[in-house]
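Asks: Generate a structure from the sequence data that follows.
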Amino acid sequence: MKPSPSPSHVWKRRLILSSSPVPEERLLESEGEDGRDQLLDVIRTELRARPDDPDLNIRLVAVYRSSNRLRDAVLHCQEAEKTRAVESSLEWCSCVIKTFEEYLESVQDVESDQNNWRAVKKDHLLSCCSCVKLTLASGDVGECREALESFDGALRSVKPYVNGADELSRAFLEMKGHLYMHAGTFLLKMAQKNEMRWRDACELAALCYLKSFY
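Replies: Got it, this is the predicted structure:
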């Protein structure tokens with residue numbers, strides 16, 4: 001006979017599946033490392049059944065980050081992005097960007113692990129691009145402008161490290177094109193919201209679209 005789950009396990013499972021915000025920090029404080037490990041096991045088990053659930057993915061990353069396991073948080077973000085299981089969630093995209101940025105800021109010496117740093121930097125660029133795309137589809141003009149500015153800032157931060165020979169350099173060139181493409185769409189969105197004349201928006205957007213290919 002299969003043993004029944006312990007009351008503690010059942011409680012944690014209900015906590016994870018609850019639609020209300022999850023007080024992970026309180027749980028970790030009350031049960032320490034063992035409680036944290038059990039919580040991670042529960043979330044990972046649920047993720048195997050529902051890999052496309054943005055909330056579960058965000059919760060797993062949050063527990064990793066609060067446990068000072070930033071590298072594990074980055075690895076999960078990278079794996080989830082590869083599978084594209086939650087690519088349509090703006091919340092998840094924002095979580096990924098913050099996780100990558102926290103990791104990149106924590107690396108004191110780029111030369112100590114240059115290949116990994118460049119890989120995370122590349123993934124950060126791609127995530128910023130995805131954030132702009134999702135925001136343009138659902139956000140207001142102010143949110144779109146902010147997303148574009150963040151994307152532009154990410155590109156500028158990469159430029160000094162572009163050497164034309166690796167994935168980061170290729171991603172930089174590709175993402176520059178996407179920036180112009182999204183800028184054109186943003187201009188049309190401004191006209192749609194009556195924040196710009198249609199004629200001016202169309203002329204500038206056309207230039208942006210042309211620039212995105214060169």
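Asks: Residue 201 versus the most centrally placed residue in the chain, what's the distance?
Replies: Nearest residue to the geometric centre of the chain (Cα atoms, centre = their mean): residue 96, 2.5 Å. Residue 96 is 31 Å from residue 201, where distance means Cβ to Cβ, to the nearest Å. All C-beta atoms are positioned from the backbone trio N, CA, C, and that covers glycine.
Asks: ditto for residue 59
Replies: 41 Å.
Asks: And residue 84, by the same measure?
Replies: 31 Å.
Asks: Which one's more surrounded, those two?
Replies: The neighbour comparison of residue 84 against residue 201 (other Cβ atoms under 10 Å) goes to residue 201, with 19 against 10.
Asks: Determine how far the helix or strand that contains residue 80 lies from the middle of the whole chain.
Replies: Assigned by DSSP states H and E, residue 80 belongs to helix 70-83. Here helix 70-83 is found 10 Å from its chain centre; the criterion is Cα atoms, centre = their mean, to the nearest Å.
Asks: Not counting its own residues, what contacts that helix?
Replies: Helix 70-83 is contacted from outside by 51, 57, 60-61, 64-65, 86-87, 92, 95-96, 99-100, 102-103, 106, 119-120, 123, 126-127, using Cβ atoms under 8 Å, 6 or more residues apart in numbering.
Asks: rewinding a little: I'd say the residue nearest to the centre of the chain and residue 127 touch.
Replies: Yes - the pair residue 96 / residue 127 is scored as a contact, 4.8 Å apart, by Cβ atoms under 8 Å.
Asks: which stretches of this structure aren't confidently modelled?
Replies: Along the chain, segments meeting pLDDT under 70 span 1-33, 108-112.
Asks: quick one on the thing from earlier: how near is the residue nearest to the centre of the chain to residue 90?
Replies: To residue 90, residue 96 is 11 Å away according to Cβ to Cβ.
Asks: Please apply the same query to residue 75.
Replies: Counting by Cβ to Cβ - residue 75 and residue 90 are separated by 22 Å.
Asks: For these two, indicate the residue with more neighbours.
Replies: Neighbours per residue, other Cβ under 10 Å: of residue 75 and residue 90, the larger number sits with residue 90, 18 against 13.
Asks: Fine by me, we can end here.
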